[in-house]
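# what follows is a predicted structure for the sequence shown.
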Amino acid sequence: MKPYVIFDAHCDSASRILDVKEELWNNKGHLDLSRMLEYRGYIQCFAAFISPEYAKSGPMARLRAIWQNFQKELEKNKDRIMLCTQTGDVKQALSCQKACAILTLEGGEALEGDLENIPLLAQMGFRAIGLTWNHDNDLATGCLGKKADREGLTPLGRKAVVRMEECGILPDVSHLSERSFWDVIETAKGPVMATHSNSAAVYRDPNRRNLTDQQFLAIVRSGGAAGINLFNNFLSAGRAALSDVMRHIEHFLALGGENSIGLGCDFDGIDLAPKGIRGIQDLNLIFEEMARLGYSGELIQKISHQNFLRVFGFEI
Ligand SMILES: [Zn+2]
């Protein structure tokens, strides 16, 4: 048993297992349930990712397809994993050695412009929404959007953030343009998360996904957190190694981010992870490296799971 509790704030595995027709228990991707259970505890956010091909043609139908398939997988594995929306669920799952699944949405297109779909998603178990993927939509401009330099949240996007918070759904800014990011910070009352974004001061990625220091500090002030993304191309310009993961963590720590750093590995959504990291089975290497560098056990636990548990309001 690996002696860590892991909270990973982002993966695309729910979409992947539907598309490639593999199973949650055991599959060829970066992440499956059998590997989660190698750890002392595992809390995984599963994003319903609405890819551009579905963004225009029936994004809600796509969301439902991902959700239904995932429910089926949860049912098949109900002795090993549990959908968690509140503190009691997480406590119960961890106490009987089950993994915890948290649902998130990546791509606000799925709301199809109707804010009453937000309480519906909350009922379905969703706890976070990223308003866009890379491109602009009716809610916001995305990091690679055509209007990213001129516009941020639309009036509907601002209302969506308010409605989300009323329904217990957290805003995820990971794919937003910088203008949209600041509009979310201005609009949100509670914590704001970047579930899978690194430091732009360490490496300015071509997709403009990484966070400037000012952005990260705003997340810290909101009581939120940023999840370290393991995509090679968001870590460094060359072939990334574990040391690059550490550089991003160290930089956020230097900004006072002790309570606002977590993992957002982006597994099953990325082509290439750092050298030596094949999938979730190797996440222990990150925490072993932290221990080797002299990080306290307390800090390692904050980064491995406690910070994101707090941001989601899970008091365990
Ligand atoms: Zn993403």
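Yep, that arrived.
# can we go C-alpha only for contacts and neighbour counts from here?
Fine.
# next, give phi and psi for Pro3.
phi -80, psi 30 (degrees, to the nearest 10).
# what segments of the stretch 1-150 of the chain are strands?
2-8, 39-49, 81-83, 99-106, 126-130 (DSSP state E, counting those that start in this stretch).
# between the last one and strand 99-106, how many degrees?
Between strand 126-130 and strand 99-106, the angle formed by their directions is 40 degrees, by axes from the mean of the first three to the mean of the last three Cα atoms, to 10 degrees.
# gap between Glu116 and Val202?
Glu116 sits 40 Å away from Val202 when distances are taken as Cα to Cα, to the nearest Å.
# coming back round to it: looking at the strands of the stretch 1-150 of the chain, which is nearest to Arg239?
Arg239 sits nearest to strand 2-8 of all these, at 22.7 Å, using Cα to Cα.
# quick check, distance from the closest one to the centre of its chain.
Here strand 2-8 is found 16 Å from its chain centre; the criterion is Cα atoms, centre = their mean, to the nearest Å.
# okay, now the unreliable bits of the stretch 1-150 of the chain?
Of all residues in the stretch 1-150 of the chain, none has pLDDT under 70.
# helices of the stretch 151-300 of the chain, start to end?
Taking DSSP state H, counting those that start in this stretch as the test, the helices found in the stretch 151-300 of the chain are 155-166, 178-187, 213-222, 232-235, 242-254, 284-292, 297-301.
# could these be laid out in CSV, adding mean neighbour count, distance to Gly88 and mean pLDDT?
What follows is the helices of the stretch 151-300 of the chain, written out as CSV (neighbours: other Cα atoms under 10 Å; distance: least, Cα to Cα, whole Å; pLDDT from 0 to 100):
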stretch, mean neighbour count, distance to Gly88, mean pLDDT
helix 155-166, 19, 20, 98
helix 178-187, 20, 29, 98
helix 213-222, 19, 24, 98
helix 232-235, 25, 35, 98
helix 242-254, 18, 30, 98
helix 284-292, 15, 27, 98
helix 297-301, 15, 20, 98
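# with distance to Asn77 added, can I get those in CSV?
Listed next are these as CSV, based on distance: least, Cα to Cα, whole Å:
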stretch, distance to Asn77
helix 155-166, 30
helix 178-187, 37
helix 213-222, 35
helix 232-235, 32
helix 242-254, 32
helix 284-292, 24
helix 297-301, 27
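# please name the residues that touch Glu23.
Glu23 is in contact with Ile17, Glu73, counting by Cα atoms under 8 Å, 6 or more residues apart in numbering.
# distance of it from Glu258?
Taken as Cα to Cα, the span from Glu23 to Glu258 is 36 Å.
# so who does Lys28 touch?
With Cα under 8 Å, 6+ apart, Lys28 has these contacts: Glu22.
# the nearest residue to Cys167 once chain neighbours are set aside and Asn198, how far apart?
The shortest distance from Cys167 to any non-neighbouring residue, by Cα to Cα, 6 or more residues apart in numbering, is to Pro119 (5.9 Å). From Pro119 across to Asn198, the span is 30 Å (Cα to Cα).
# of the two, who's got more company?
Between Pro119 and Asn198, counting by other Cα atoms under 10 Å, Asn198 is the more crowded of the two (34 against 17).
# ok, and the closest non-adjacent residue to that one?
Asn210 (4.7 Å).
# next one: Leu253
Closest to Leu253 by Cα to Cα, 6+ apart is Ile261, at 7.9 Å.
# swap in Asp271?
Asp271 sits nearest to Phe231 (Cα to Cα, 6+ apart), 7.3 Å away.
# isn't the one you found right up against Asp268?
No - the pair Phe231 and Asp268 fails to qualify as a contact (Cα atoms under 8 Å) at a distance of 10.2 Å.
# I'm done for today, thanks for sticking with me.
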